[in-house]
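Student: Predicted structure and sequence below. I'll ask about it afterward.
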Amino acid sequence: MLDGDLLCRAALYPKFVTPEGIFDEEMLLTFMPLGEGESYALSVASHFLSRGNDGVHSYGCGAATIANERFVQKNQRAPSPVTEEVHYLGFYQFTRGQLMSIEMSYYSLRCFWKPEHGADMHFQVEFVPKGAQGTRKERRQDRRAAVGMLTGMLRGPHRHICQKDLPHKDALEAVDLPALPRLGSL
């Protein structure tokens, strides 16, 4: 992957919306802990391997479907449409070069190809601990600062409604996805 290659993060509803109904870019960029260790991961799609926006949208619709299948397995029932059901609303993007330019004190950033659920365009971004340990608070601040920098690099949204979500189109289109970058953050 080259520095100019685009990485795309799927905007899933209601996962990245606060209880007040506000889309939260930092929630969009939540790095999930990996196992028992101190590493954290974020799933993204390669725009190149997706063959453009349509392929990224297909990946995002698939991610929503997988999340809904997990809900059924866990709860033994279908999620309620719109409120519990996960819906793909589009994606935000940043370049690999922007990502790798983020300097961290306690973590190294890595981005690598990791096909998942049959999606060859899937990449994983990870925070991996460096030798310097730091306190728990210092490590958390380091991660939060990196997410803040990455948030400032986001571009989008590239909106989309999945075929299966057409019955809820009006409600989903009413979800405000902020245009990024915000004025003044360029």
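Tutor: Cool, got the structure. Every value quoted in this text rests on a predicted model; they were computed, and no experiment measured them. Residues are numbered from 1 along each chain as shown.

Student: how far away is the closest residue to residue 5 other than its chain neighbours from residue 46?
Tutor: Nearest residue to residue 5, sequence neighbours excluded (CB to CB, 6 or more residues apart in numbering): residue 96, at 5.0 Å. No exception for glycine: its C-beta is placed from N, CA and C like everyone else's. Distance of residue 96 to residue 46, given as CB to CB, to the nearest Å: 9 Å.

Student: So which of those two has more stuff around it?
Tutor: residue 46 (23 against 19; other CB atoms under 10 Å).

Student: you'd agree the more buried one is up against residue 2?
Tutor: No. Assessed by CB atoms under 8 Å, residue 46 is found out of contact with residue 2, at 10.7 Å.

Student: show me the residues around the residue nearest to residue 5 that make contact.
Tutor: Neighbour list for residue 96: 1, 2, 3, 4, 5, 6, 7, 111 [criterion: CB atoms under 8 Å, 6 or more residues apart in numbering].

Student: And residue 124, which helix or strand is it part of?
Tutor: strand 122-129 (DSSP states H and E).

Student: What lies in contact with that strand?
Tutor: Residues contacting strand 122-129 (CB under 8 Å, 6+ apart): 1, 7, 31, 34, 37-46, 59, 99, 104, 106-116, 139, 143, 146.

Student: Filter those residues down to the buried ones and hand me the ChimeraX line.
Tutor: Filtering the contacts of strand 122-129 down to the buried ones (16 or more other CB atoms under 10 Å) takes a single ChimeraX command:
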select :1,7,31,38,39,40,42,43,44,45,46,59,99,104,106,107,109,111,139,143,146
